[in-house]
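*Asks:* predicted model, plus sequence, below.
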Amino acid sequence: MIGKPRGHVTGRLFDITPLQPLVEAGFVLLTPNFRLARRIKAQWDARHLANGEVVWQPLKVQPLESWLLAQWERAVSLELVPALAPLNPAQVLQLWQQVIAQEEQQSGNYHLLRPSAAAELAGQARDSLLRWEVDMTTEGIRQSFNFDADCGTFLRWLTLFEQRLGTAGQCTPMDCIRQLPAGAGQLPTNRAALVEFDDIPPLFRSALNALCEEVREIEPAAASGQRLAHAFTDKRAELRAVANWAKRINRQDPEATVAIVLSDMVGDRTALDYLLRDAFDCLGDDYNSLPVNFSTGISLDRTPVIRDALAALAMGQRCITVPAVVSLLRSRFLHLPDADSALANRFVTGLFDDGREEVENADLRYSASEVTLGDSKGLVLGQHLLAVSGLRELRQAALPSQWVEHFCQVLAIWGWPGAGPLDSLEYQQVELWYRTLDEFRGYDAGCEPLGLDGALQLLRHSCSRQISQPQTTDSPVQVLGPLEAAGLAFDHLWLCGMQGNSWPTPPRPNSFIPQSLQRQLQMPHATAEREWAFSEALFAQYSRSATVLHASYCKQVGGIPELPSALLQDFPVDELGKNVVEL
């Protein structure tokens, strides 16, 4: 049964008032992402606190995929579906890499330059096929794959992948959801309300219909607020104007909710961070008082405290680059008390005077232990290198779980994470590091024993897939990615980078699935029409969730002239015509 009560988002990031009757009727609220689920829960808790309540019923709200996986775990506990071992995304990727390496070696017909990228794309292809309920046992479907060389190669990989999963009794998250309809009849029924969804894959829709006696889709209000468009000569001018605008709004109304949506979070984040600090006078002593929260974190391996841990572990390898040694000596997270001494400067000068880009571990150990200056001889660096070289375990192949113990032993020698206190962010990053090590142990299920180099490579990859997202209180100004802002309400929202070549993005069909099949099923990124529909729906969410919506674009990017996105064509004519605001 499908119902469509009307609702909309207003107030401080989300207004739960339209959802109140559904909550009281026992509906579970399902969202497209964690951010919206957390926001709805926060507003629910804030409402009860404002009413002076001390205890209240927790709100049942979850992202859709997480809720479906929780239902699968419940079905397993009741022995309604097979108790397979679910793999996390990193383990799935590792299995794909092993399968691809095996087939490449057996075939001898091709050589992949980037096997890890192929593994990522293969994993995405299998997930898409499951999400869109493509039956890969159908002869016609398999033939369509064999008409294309890349798709045919993927089909062979897929066969090996499925065999590996079956032999080990393992599954991926999509496999878990695919099992749900089989046991749904004996699970307690649910009533679900879908909040701020534009598109639900057929697999999820089938699971929902099997699990729920009633599903309601909350239809958002069609109203939109004031809309303004701005053009800028280049990206720097655009970001500076946005930073100054955010400061002005915040100073005029500190209670206003402000959002900046970056189309290119990776490329623009650093520049905007600096410009915001400059605008808010937070480049000096007030560096940590910036009233801005960047929602998208950075990969764990790029955070200083974890970067230095990985660098210390790499000191056990046979060859070490000179820049890596110099960088290590600058770390405040390692016990290197003489790193700033004249003796250390003498040591570093000697490394550069040798003119080598890399140095053998044994030579580095000797140099660090024997360097002299006056009465001083040897650095603590040399003592650490000597102690690490004495660990015979590092020269033997071992399973990932054993390497976790070896890595911890090596880091203890280096005194990581240092004697000084960690700030809140660094503490969270160290906690995430230990959770990553726990997940790293899980590679035992699909890995052969690894040497030090292989174990370190796998650990770096695991850290690169972990995102360090600071747990901070809400700030008046939020910097978000395009998907993260969807469903949230703001007083002021500014969309950056609204060039025609970015909104909508060009189609990017998966090269391992026949394009005809992707077009037929309207899979994500398959066609220009699909990308337009997705961008249009996302833009509509922004329009109805902001009291004032700004959209800006650059007239030139990389020296190439650009036009505004066609999504801006319905903005008032005087905003896009002769009176376009130049800030």
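*Replies:* Received the coordinates, thanks.
*Asks:* does residue 360 really touch residue 318, like I thought?
*Replies:* Yes: Residue 360 lies in contact with residue 318 (Cβ atoms under 8 Å); the separation is 6.8 Å. (C-beta placed from N, C-alpha, C; glycine too.)
*Asks:* what do these two both touch?
*Replies:* Residues touching both residue 360 and residue 318 do not exist when contact is defined as Cβ atoms under 8 Å, 6 or more residues apart in numbering.
*Asks:* doesn't residue 218 belong to a strand?
*Replies:* Yes: secondary structure of residue 218 (DSSP: H, G, I helix; E, B strand; the rest coil): part of a strand.
*Asks:* for it, give its distance to residue 39.
*Replies:* As judged by Cβ to Cβ, to the nearest Å, residue 218 and residue 39 stand 15 Å apart.
*Asks:* what's the answer for residue 527, then?
*Replies:* Taking Cβ to Cβ, one finds residue 527 at 32 Å from residue 39.
*Asks:* so between those two, which is more surrounded?
*Replies:* residue 39 (22 against 15; other Cβ atoms under 10 Å).
*Asks:* nearest residue to the more buried one in space, please, no chain neighbours.
*Replies:* residue 14 (4.8 Å; Cβ to Cβ, 6 or more residues apart in numbering).
*Asks:* contact partners for the one you found?
*Replies:* 36, 39-40, 43, 487-489.
*Asks:* can you rerun that using 6 Å?
*Replies:* Neighbouring residues of residue 14 by Cβ atoms under 6 Å, 6 or more residues apart in numbering: 39-40, 43, 489.
*Asks:* tell me the pLDDT of it.
*Replies:* Here the pLDDT value assigned to residue 14 is 72.
*Asks:* same question, residue 470
*Replies:* 66.
*Asks:* what does the one 4 residues further on give?
*Replies:* If you check residue 474, the pLDDT there is 68.
*Asks:* for residue 579, same thing?
*Replies:* 38.
*Asks:* swap in residue 51?
*Replies:* Residue 51 carries a pLDDT score of 87 in this model.
*Asks:* oh, and call the first residue 22 from now on, that's how I've got it
*Replies:* New numbering, starting at 22: the last item is residue 72.
*Asks:* for the stretch 172-321 of the chain, what are the low-confidence residue spans?
*Replies:* Within the stretch 172-321 of the chain, the segments meeting pLDDT under 70 span 242-245.
*Asks:* one more pass at 80, please.
*Replies:* 240-246, 305-309, 316-318 (pLDDT under 80).
*Asks:* quick one: the strands in it, in order.
*Replies:* For the stretch 172-321 of the chain, strands defined by DSSP state E, counting those that start in this stretch occupy the ranges 191-192, 211-216, 233-241, 247-253, 279-282, 313-315, 319-320.
*Asks:* wait, which of these is closest to residue 566?
*Replies:* Between residue 566 and these, the tightest spacing by Cβ to Cβ is seen for strand 233-241, at 8.1 Å.
*Asks:* grab the CA positions of the closest one and hand them over as PDB.
*Replies:* The C-alpha trace of strand 233-241 is given here as PDB (Å, rounded to 0.1, in the frame of the first residue of the first chain):
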ATOM      1  CA  CYS A 233       6.200  -3.800   5.300                       C
ATOM      2  CA  GLU A 234       2.500  -4.000   5.400                       C
ATOM      3  CA  GLU A 235       2.400  -0.300   4.500                       C
ATOM      4  CA  VAL A 236       4.900   2.100   2.900                       C
ATOM      5  CA  ARG A 237       4.300   5.800   2.700                       C
ATOM      6  CA  GLU A 238       6.300   8.200   0.600                       C
ATOM      7  CA  ILE A 239       6.500  11.700   2.100                       C
ATOM      8  CA  GLU A 240       5.800  14.100  -0.800                       C
ATOM      9  CA  PRO A 241       7.600  17.400  -0.200                       C
END
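*Asks:* does residue 133 touch residue 143 like I think?
*Replies:* No: contact status for residue 133 versus residue 143: not in contact, 10.9 Å apart, counting by Cβ atoms under 6 Å.
*Asks:* break the protein into its domains for me.
*Replies:* 23-103+198-241, 109-192, 247-318+493-597, 325-486 (automatic domain parsing).
*Asks:* now the terminal residues of the shortest one, how far apart.
*Replies:* By Cα to Cα, to the nearest Å, the extent of domain 109-192 from end to end equals 9 Å.
*Asks:* and that domain, how far out from the chain middle?
*Replies:* 23 Å (Cα atoms, centre = their mean, to the nearest Å).
*Asks:* nearest to residue 69, out of the strands of the stretch 172-321 of the chain?
*Replies:* The nearest among these, by Cβ to Cβ, is strand 211-216 at 19.2 Å.
*Asks:* quick one: buried residues of that closest one?
*Replies:* For strand 211-216, a neighbour-count test (16 or more other Cβ atoms under 10 Å) marks 211, 213-216 as buried.
*Asks:* over to stretch 525-538?
*Replies:* Buried residues in stretch 525-538 (16+ other Cβ under 10 Å): 525, 528, 530-531, 533-536, 538.
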